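Asker: The sequence and its predicted three-dimensional model are supplied below.
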Amino acid sequence: MAALINVPSKAKRGEIIEIRTLTSHIMETGFRHTADGKLVPRNIITSFTCRYNGTEIFRADLFPAIAANPYLSFFAVAKESGKFEFEWIGDNGYSSTASASITVE
Amino acid sequence: MNAPVTRRSAALGIAVAATSLAAPSILRAQSAGHLVVVGGGFGGAACARALKRADAKLQVTLIEPNKTYISCPLSNEVVAGLREIEEQQFGYDKLAAEGIRIVAQAVTTIDTQMRRVTTGDGTTFDYDRLVLSPGIDFHLEALPGYDDVASETMPHAWKAGAQTLLLRRQLEGMADGGTVAIAIPANPSRCPPAPYERAGLIAHYLKTKKPRSKVLILDAKDTFSQQRLFEKAWKELYGDMIERIALSQGGRVTSVDPATKTIVTEFGNYTPDVANVIPPQRAGRIAEVAGVADATGWCPIDPVTFESKLVRNIHVIGDACLGGGIPKSAAAASAQGKVCAGAIIALLAGHTPETPRLTGVCYNTVAPGYGFSLIGNYQPRGDIFAEVEGGATSPVDAPRELRAREAAEAERWFQIITADTFG
């Protein structure tokens, strides 16, 4: 499953909008052992970024205590029509992106 | 109504209940010995009956506004057209014949100081101990757009009766090729596996009558009870007819719009042909009237006696109580009703109630002749019930004969529990 994004398609200028994102990821903590005693290597998303027309407006660092399939919700002010770009970066070179457009009237 | 009792003072109240507090109860018991049970479902009716059977001299009053009880267990079969609502209906004549006073009124106020219940017609009932078995109400603030009016277009069918029949009529009225959505809330909720049973039985109806249709589950949970059994059965019986969007796939419903029959989830909008919206829940209204519900909307209890942790001399049983590991089901409510009755008899006599062991059983039918079950045993651990050994779930890989046998057992279980409660 690709990432799930919820950005309103339309907003009034200056309106506060909620943005929701959810991405599928195992978020393996690196603290667990297999039945035969081997450590399961850490495999988490370490960073999430949201850019609004190229400018970073939200960033989060993620840690092993965060559950699988991280769900992040935050707010932004709708200033102009354009594009929200989302990026998740993690262990083992993990990288995933998504985007959503908004029309500001 | 009492001011909310703090956890500490409530705990102290419970601690001394077996000694000093029991004394006035005995005195009253000798003069009146009056026990009032509010709510005539599987929990309340079983409790009233167990009290009267334990001691015929006790005065037991059962207050329940409805003259006919309509059973939720097996009502999913009514939705799917496999059973008639009349088979779900039970009265209180047998309980009355056993000497239980039946009052067909709604409770309006409870004075926990005076220990007095008032009903809608102004009659008052004094009690030594009060048992509340109010079932569930919907937590409408948690689902914007949903209310009684919305339930006429987007039925919950989570209290059996007119809603059950409405959902059935909507299914019957739907054209072939339509989508039936079932919105499922997070736990705690009444009968957690039942929405999935409903999905299977609706799929059975559609496969038989409208084979191009679909069932779409929008779920606020990632995992659910007997999940592997359900998913295997769905695949086996219905192929891809049932689609489920789990919590981590964006399935949690956040609001509804009854005007456009739209279900809004965290990540999308759905406009199904039939929208079965099961809202988030809390303890029934009476719990709030009595002041026994806490901030969760449910009722904390002492798991040995079912006495409220917030108000003395009130016991809460069934779906409304915070039972921990014990599921909110008819079988559990019935078992709780009997255990609570035993504890009350012991408390009235000045004895310490025994630590109970409850058994809950849950049957699920995915199609006629295809069922499976879960049996769990529960004992108090700290403030709640925890599951203990001796439970069992039907095997995932079992021959169809076993599924057929379990479907027949489900029907027998229903005959037994309804006879035990009302017959």
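Answerer: Arrived safely.

Asker: Going by length in residues, pull out the top strand of the chain.
Answerer: Going with chain A. Longest strand of chain A, by residue count under DSSP state E: strand A:94-104.

Asker: Wait, chain B was what I had in mind.
Answerer: Using DSSP E, we find that the single longest strand of chain B is strand B:370-381.

Asker: tell me the mean pLDDT for that one?
Answerer: Averaging pLDDT along strand B:370-381 gives 95.

Asker: hmm, who's touching the helix or strand following that strand?
Answerer: Counting by DSSP states H and E, the next helix or strand C-terminal to strand B:370-381 is strand B:384-393. Outside strand B:384-393, the residues that touch it by C-beta atoms under 8 Å, 6 or more residues apart in numbering or on different chains are B:226, B:229, B:303, B:322-326, B:357-358, B:372-380. Where you see a C-beta, it was placed from the backbone N, CA and C, and this is true even at glycine.

Asker: again, only this time at 10 Å
Answerer: Defining contact as C-beta atoms under 10 Å, 6 or more residues apart in numbering or on different chains, one finds that strand B:384-393 is touched by B:225-226, B:228-229, B:300-301, B:303, B:321-327, B:332, B:336, B:356-362, B:372-381.

Asker: Buried residues of it, list them for me.
Answerer: Using 16 or more other C-beta atoms under 10 Å in any protein chain shown as the test for burial, strand B:384-393 gives B:Ile384, B:Phe385, B:Glu387.

Asker: now swap in stretch B:371-383 and tell me
Answerer: Going by 16+ other C-beta under 10 Å, stretch B:371-383 has these buried residues: B:Gly371, B:Phe372, B:Ser373, B:Leu374, B:Gly376, B:Asn377, B:Tyr378, B:Gln379, B:Pro380.

Asker: Pick out the residue in chain B sitting closest to chain A.
Answerer: For chain B and chain A, the shortest gap (C-beta to the nearest C-beta) falls at B:Ser248, measuring 3.8 Å.

Asker: Let's verify that residue: helix, strand, or coil?
Answerer: Three-state call for B:Ser248 (DSSP: H, G, I helix; E, B strand; the rest coil): helix.

Asker: Name the nearest residue to it, sequence neighbours excluded.
Answerer: A:Asn69 (3.8 Å; C-beta to C-beta, 6 or more residues apart in numbering or on different chains).

Asker: quick one: the one you found from B:Ile182, how far?
Answerer: 22 Å (C-beta to C-beta, to the nearest Å).

Asker: okay, these two: which has more neighbours?
Answerer: B:Ile182 (25 against 19; other C-beta atoms under 10 Å in any protein chain shown).

Asker: Can you tell me the strand partners of the one helix or strand B:Val60 maps to and which way each runs?
Answerer: Using DSSP H and E, B:Val60 falls within strand B:59-63. If you go by DSSP bridges, strand B:59-63 pairs up with strand B:34-38 (parallel), strand B:101-103 (parallel).

Asker: same for the next helix or strand after that strand, what does it pack against?
Answerer: As assigned by DSSP H and E, the chain's next helix or strand after strand B:59-63 is strand B:69-70. The helices and strands touching strand B:69-70, judged by 3 or more C-beta pairs under 10 Å, 6 or more residues apart in numbering or on different chains; DSSP states H and E, are helix B:42-54, strand B:89-90, helix B:162-173.

Asker: Close to chain B: what parts of chain A are there?
Answerer: By C-beta under 10 Å from any C-beta of the partner chain, the residues of chain A that approach chain B are A:1, A:3-6, A:20-25, A:67-71, A:73.

Asker: Can you classify the residue in chain A positioned nearest to chain B by secondary structure?
Answerer: For chain A, the residue closest to chain B is A:Asn69, as judged by C-beta to the nearest C-beta, at 3.8 Å. For A:Asn69, the assignment made with three-state DSSP gives coil.
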